[in-house]
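1. No sequence on hand, only this structure:
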């Protein structure tokens, strides 16, 4: 039996990983910092644990109780408007290393940790693992990058057989924090409210959250090591994304492109090279942008956050 410890299991990505992990034969131990409540869509085979991962003793006790062979570490600060500059980013580096050490001490063999495209320095081309330099302008990206560099050396020192660092690009879908771009635009258009947009020509790489979760699980169950981009590889402008939402709702007329100025510090293009993901994991997205938008809009129409 492959026994898996999943941190951040109650979060946006983690909640979508559960069924994929069970489907691939893992005994899943899900960790959340929040009070665990029964949910109608929750797999009965998932074993839940409440833990504060800043508490080293709790980490040690949890690892001793579960004794996982595999680890997916998603927990981190992601609060919109706060996460980019929060001092908690430094605490998450320390907590993540403590988690890895405790994992190694109970014989853990395979770990996948979540990184971010925010680690990369601005570039005119696609972001490629090991080629595009790291150099984030904010604390979130810098601390994630620091941990990605520490991970292989730390794993070797403590005897973890293999590790992978999944650099996740822009994701969207059911369960996303309401004040991010897709849910905020969706809610406004469903309420028939106009949206003051920038020019919308910023190019990004979007991936539906269920595809993100599936890619992470496939990486975990592979032999891939080192940093690997998790993305669609498809360049999409913000205008195209918002227009897809507008078409789905039937209110494209409420999108006011050019009504507000764009952030001058925002990179014009952030797109992934997904060659490693395709070649070495054998994975590609199953949900196109319009289908993902349709599913997301439908989720918000049915009550959104109240359905969680």
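-> Noted; the coordinates are in hand. As the structure is a computational prediction, the values presented were derived from the model and not from experiment. Residues are numbered from 1 along each chain as shown.
2. neighbours of the residue nearest to residue 203 when sequence neighbours are not counted, just the number please.
-> Closest residue to residue 203 apart from its sequence neighbours, by CB to CB, 6 or more residues apart in numbering: residue 269 at 4.3 Å. Quick note: C-beta positions are derived from backbone N, CA and C, even for glycine. Under the neighbour criterion other CB atoms under 10 Å, residue 269 is assigned a count of 17.
3. what about residue 269, distance to residue 93?
-> 28 Å (CB to CB, to the nearest Å).
4. and what of residue 11?
-> Between residue 11 and residue 93 the distance, using CB to CB, works out to 18 Å.
5. more crowded one of the two?
-> Using other CB under 10 Å as the criterion, residue 11 and residue 93 rank with residue 11 on top: 21 against 17.
6. so what's that one up against?
-> Residue 11 makes contacts with 74, 75, 78, as judged by CB atoms under 8 Å, 6 or more residues apart in numbering.
7. Kindly recompute the last result at 6 Å.
-> Applying CB atoms under 6 Å, 6 or more residues apart in numbering to residue 11 gives no contacts.
8. Can you tell me how far it is from residue 171?
-> Distance check for residue 11 against residue 171: by CB to CB, it reads 11 Å.
9. What segments of the protein are helices?
-> In the chain, the segments counted as helices under DSSP state H are 14-23, 56-66, 88-105, 139-158, 181-190, 209-220, 238-249, 275-280, 289-301.
10. would you turn those helices into TSV with distance to residue 32?
-> Putting those into TSV (distance: least, CB to CB, whole Å) gives the following:
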stretch	distance to residue 32
helix 14-23	8
helix 56-66	12
helix 88-105	14
helix 139-158	21
helix 181-190	21
helix 209-220	16
helix 238-249	30
helix 275-280	28
helix 289-301	21
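11. Any idea which of those helices gets closest to residue 199?
-> For those, distance to residue 199 was read as CB to CB. The smallest value, 7.5 Å, belongs to helix 238-249.
12. Can you get me a residue count around residue 67?
-> The burial metric for residue 67, expressed as a neighbour count using other CB under 10 Å, is 15.
13. Now do it against residue 291, distance only.
-> Taking CB to CB, one finds residue 67 at 40 Å from residue 291.
14. same check, this time on residue 219
-> When distances are taken as CB to CB, residue 219 and residue 291 turn out to be 23 Å apart.
15. Among the two, which residue is more densely surrounded?
-> Using other CB under 10 Å as the criterion, residue 219 and residue 291 rank with residue 219 on top: 24 against 12.
16. List the residues that contact residue 198.
-> Applying CB under 6 Å, 6+ apart to residue 198 gives the contacts 260, 262.
17. quick one: low-confidence parts of the protein?
-> For the chain, the stretches flagged by pLDDT under 70 are 35-44, 305-308.
18. Recalculate using a threshold of 80.
-> 1, 35-44, 124, 304-308 (pLDDT under 80).
19. And it, what are its domain boundaries?
-> Following automatic domain parsing, one gets these domains for the chain: 2-171+206-232, 172-204+235-270+287-307.
20. out of those, nearest to residue 278?
-> Distances from residue 278 to each of the domains of the chain were compared using CB to CB; the shortest belongs to domain 2-171+206-232, at 10.3 Å.
21. can you give me the offset of the closest one from its chain's centre?
-> Taking the mean of its C-alpha atoms, domain 2-171+206-232 sits 8 Å from the chain's own mean (CA atoms, centre = their mean, to the nearest Å).
22. End to end on that domain, go ahead and measure it.
-> For domain 2-171+206-232, the first and last residues are 28 Å from each other (CA to CA, to the nearest Å).
23. for stretch 32-51, same thing?
-> Using CA to CA, the gap from the first to the last residue of stretch 32-51 comes to 6 Å.
24. Figure out which of the helices of the chain is closest to residue 197.
-> Taking CB to CB, helix 238-249 is the member of the helices of the chain nearest to residue 197, at 6.4 Å.
25. For that closest one, list every residue counted as buried.
-> In terms of neighbour count (16 or more other CB atoms under 10 Å), helix 238-249 has its buried residues at 238, 239, 240, 241, 242, 243, 244, 245, 246, 248, 249.
26. how far is it from where the chain is centred?
-> Taking CA atoms, centre = their mean, the mean C-alpha location of helix 238-249 is offset from the chain mean by 22 Å.
27. That helix to helix 181-190, inter-axis angle?
-> With axes from the mean of the first three to the mean of the last three CA atoms, to 10 degrees as the criterion, the two stretches helix 238-249 and helix 181-190 enclose an angle of 40 degrees.
28. ok and helix 238-249 relative to helix 289-301, angle-wise?
-> Going by the same axes, to 10 degrees, helix 238-249 is angled at 60 degrees with respect to helix 289-301.
29. which secondary structure elements does helix 238-249 contact?
-> Based on contacts counted as 3 or more CB pairs under 6 Å, 6 or more residues apart in numbering; DSSP states H and E, the elements that helix 238-249 packs against are helix 181-190, helix 289-301.
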